[in-house]
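Asks: I would like the atomic coordinates for the input below:
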Amino acid sequence: MQRKSEQLDYVLVPLGLAVMVAYHVWLLHRIRRRPASTVIGINAINRRIWVRYIMEESSGKHAVLAVQTMRNSIMASTVLASVAITLSSVVAALMASGVAHGILSGAGGDPGQGQLVVGAGGETALSIKFFAILVCFLVAFLFNVQSIRYYSHTSILVNVPLHAHRLRRPELAVDYVTAALNRGSYFWSLGVRAFYFSCPVFLWLFGPIPMFASCLAMACALYFLDVYTEWDKPQEEDDLNLNVLCDAACHGQTRTAAGAGRVAPDQLDVVV
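Replies: Modelled structure (predicted):
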């Protein structure tokens, strides 16, 4: 029976990883083909508009706005990087001490402790699971550090007015600053994805069944967080919906006016 429960790791864990990988491959394809239907693509479009809005102001009155915005972004990445490296240290300490191995594998002598985990719970299996969690947090730390790097570059570049670029076209300056800002945001998104991915890996400590269920739930939740189809609607469809709403409102007002002009039967004698 124990051998059959351990074999679940060879089936459910690859399936859960395949679900997560397949979803992100589909999301990447959608971002490249239809960027205006995803939150990442919409944010990238608006960041380019924001960069042009800041850099085209020759008086520099929007410099404070740019500095405040970039500072908030740097602080968000700094907090995530600090949390990631702290959790990495905690996981490394648990791996070195062996306390968690004893609790999850039942090595402390109590036969009932090993029943906490469904699936592979030996010394080697738990080491692999803890190492996977450690890799997730280290990847999140590295991505957020890169995000801070690009945000720091953007905080200076965005305050350079366009008329100061005399040797090159202003469009090249806008493209360069926008690319730096988007890269910082992409690295921040990847760091957040690493935190998301650490949740199924953490549940893998308690068996492949919670890990697989968490991968399915995570993919469904990320779909609603990543996809936004209203921005991608054609202009004709928006105009059609607006005309339908206007017609409905006009008909409603007409019916209201007609109802207001009617005379109730019990009031007819009084009027006459």
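
Asks: next, count neighbours for I85.
Replies: Using other C-beta atoms under 10 Å, I85 has 17 other residues around it. Yep, even glycine has a C-beta here, placed from its N, CA and C like the rest.

Asks: wait, it sits on F141?
Replies: Yes - proximity of I85 to F141 meets the contact threshold set by C-beta atoms under 8 Å, at 4.9 Å.

Asks: between the two, which contacts overlap?
Replies: Overlap of the contact sets of I85 and F141 (by C-beta atoms under 8 Å, 6 or more residues apart in numbering) is empty.

Asks: now do stretch 207-224: distance to the chain's middle.
Replies: Relative to the chain's own centre, stretch 207-224 is displaced by 15 Å; criterion: C-alpha atoms, centre = their mean, to the nearest Å.

Asks: in it, what counts as buried?
Replies: For stretch 207-224, the neighbour count (16 or more other C-beta atoms under 10 Å) marks 207-212, 214-215, 218-219, 222 as buried.

Asks: who does the helix or strand containing V51 touch, helix- and strand-wise?
Replies: For V51, the enclosing helix or strand under DSSP states H and E is helix 39-55. The contact analysis (3 or more C-beta pairs under 8 Å, 6 or more residues apart in numbering; DSSP states H and E) places helix 39-55 against helix 63-97, helix 170-203, helix 208-226.

Asks: switch those helices over to JSON lines; also include distance to Y53 and mean pLDDT.
Replies: Below are the helices and strands packed on helix 39-55 laid out as JSON lines (distance: least, C-beta to C-beta, whole Å; pLDDT from 0 to 100):
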{"stretch": "helix 63-97", "distance to Y53": "9", "mean pLDDT": "90"}
{"stretch": "helix 170-203", "distance to Y53": "10", "mean pLDDT": "92"}
{"stretch": "helix 208-226", "distance to Y53": "26", "mean pLDDT": "93"}
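
Asks: from these, which stretch is densest packed?
Replies: helix 170-203 (a mean of 19; mean count of other C-beta atoms under 10 Å).

Asks: what angle do helix 208-226 and that helix make with each other?
Replies: Using axes from the mean of the first three to the mean of the last three C-alpha atoms, to 10 degrees, one finds that helix 170-203 and helix 208-226 are set 150 degrees apart in direction.

Asks: can you pull the contacts of A63?
Replies: Taking C-beta under 8 Å, 6+ apart, one finds 54, 159 in contact with A63.

Asks: okay, now the domains of this protein?
Replies: Listed by automatic domain parsing, the domain ranges of the chain are 2-232, 233-272.

Asks: what mean pLDDT would you report for the last one?
Replies: Spelled out, it's domain 233-272. When pLDDT is averaged along domain 233-272, the result is 46.

Asks: so L138 touches S88, yeah?
Replies: Yes - if you go by C-beta under 8 Å, L138 and S88 touch, sitting 5.4 Å apart.

Asks: contacts for stretch 150-161 next, please.
Replies: Against stretch 150-161 from outside (C-beta under 8 Å, 6+ apart): 51, 54-55, 57-58, 60, 63, 66-67, 70-71, 73-74, 77, 173, 176-177, 180-181, 183-184, 187.
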